[in-house]
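Student: Here is a sequence with its predicted model. Questions after.
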Amino acid sequence: MPYKPTEVTRGALENCISAYFDQTDDPSYAGFIRFLDTNADSESQLRQRYSIGEKTWEAINRRVTDDAYEDVFDHGTNPLPEISNALFREGQVSVIPTSHLHGAKEELTVLSILSYIIDNKIDDYDVDEHVKDTPLLVAVDEAHNYVSSPDTLRESYIVERARDAVKQGRKDKLGLFMITQNPEDIDGDILKQTNTNVLLGLREEVVQKVPSVPRGYEKDIANFGKGQAVVKAPDVEAVEVVGLPYCLTQHSN
């Protein structure tokens, strides 16, 4: 995912990454941090080769040192590109649980997976064919945590790419299914491009903030019971639906 340092810092960081990958057959996040530590001296071969001054070196380390990176990466599981053929198959439902993650670790994991899917779907160069060639409907639970007004650079990147995805997703066979109790927090441009809305019971104060609530249902939605919803789609009159009185899906682990 992106970062926005100065061009000098960007070039120096990319040089450090390339130098690390050139000297190891078993790259890892921890290994890269150790590589930087061994070259911390201003007279080191790496810093001399690329003329990396002290301020630039400090900027590099600020961008690669994060507890969440250490907690998430390189823990013995298969890298996503190596299992994409199993995850992304037409007609298959794949669930990626994150309930065991919290805070920055969950954010980093979810945003990384979303960026991988969206980038490989809507880009054309050097893409994962299993993502590119498979029709996908990506469901994001608690979507307001990831496609709302961004607070970090990673979030900004995802929101910008999600805007592109909802605009051209039909062409690329990509659909975004955003699940949230706080639809008013979803980025406005993304919400405007969302074709179909399924609105279940919402608090009255939330209803007033959601422009997609169909006319005539403003008061009803706040009083919906379990299983009640209204479905709104382009060029279709809003329809109220009621679910079955019993559950068809087993949710036990």
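Tutor: Arrived safely. Numbering: from 1, shown residues only.
Student: so how many other residues sit close to residue 225?
Tutor: 9 (other Cβ atoms under 10 Å). For glycine as for every other residue, the C-beta is placed from the backbone atoms N, C-alpha and C.
Student: what's the answer for residue 236, then?
Tutor: 10.
Student: what's the spacing between it and residue 224?
Tutor: Residue 236 sits 20 Å away from residue 224 when distances are taken as Cβ to Cβ, to the nearest Å.
Student: for residue 222, phi and psi?
Tutor: phi -70, psi -20 (degrees, to the nearest 10).
Student: again, but for residue 136
Tutor: According to degrees, to the nearest 10, residue 136 has phi -130, psi 140.
Student: Who does it form a beta bridge with?
Tutor: Beta bridges link residue 136 to residue 174, judged by DSSP bridges.
Student: Now do the SS call for the residue lying farthest from the centre of the chain.
Tutor: When distances to the mean C-alpha position of the chain are computed (Cα atoms, centre = their mean), the maximum falls on residue 43, with 39.7 Å. Classification of residue 43 by DSSP: H, G, I helix; E, B strand; the rest coil places it in coil.
Student: who's in contact with it?
Tutor: The contact partners of residue 43, by Cβ atoms under 8 Å, 6 or more residues apart in numbering, come to none.
Student: For this protein, just list every one of the strands.
Tutor: Under the criterion DSSP state E, the chain contains strands at 136-140, 174-178, 197-199, 228-233, 236-242.
Student: Nearest residue to residue 81 in space, please, no chain neighbours.
Tutor: residue 128 (6.1 Å; Cβ to Cβ, 6 or more residues apart in numbering).
Student: what's that neighbour in contact with, if anything?
Tutor: Counted by Cβ under 8 Å, 6+ apart, residue 128 has contacts 81, 84, 88, 116, 120.
Student: Filter those down to the buried ones, ChimeraX style.
Tutor: The following ChimeraX command selects only the buried members of the contacts of residue 128, with burial defined by 16 or more other Cβ atoms under 10 Å:
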select :84,88,116,120
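Student: of the strands of the chain, which approaches residue 164 most closely?
Tutor: Across those, residue 164 has its closest neighbour in strand 174-178 (10.1 Å, Cβ to Cβ).
Student: Just checking the distance from that closest one to the centre of its chain.
Tutor: Remark: strand 174-178 is offset 12 Å from the chain centroid, using Cα atoms, centre = their mean, to the nearest Å.
Student: swap in stretch 139-150?
Tutor: With Cα atoms, centre = their mean, you get 8 Å for stretch 139-150.
Student: And for stretch 206-220?
Tutor: Distance, centroid of stretch 206-220 to centroid of chain: 28 Å (Cα atoms, centre = their mean).
Student: what's that stretch in contact with?
Tutor: By Cβ under 8 Å, 6+ apart, stretch 206-220 touches 182-184, 191, 194, 197, 199, 202, 221-222, 230, 232, 238, 240.
Student: 6 Å - rerun?
Tutor: 183, 184, 197, 221, 222, 230, 232, 238 (Cβ atoms under 6 Å, 6 or more residues apart in numbering).
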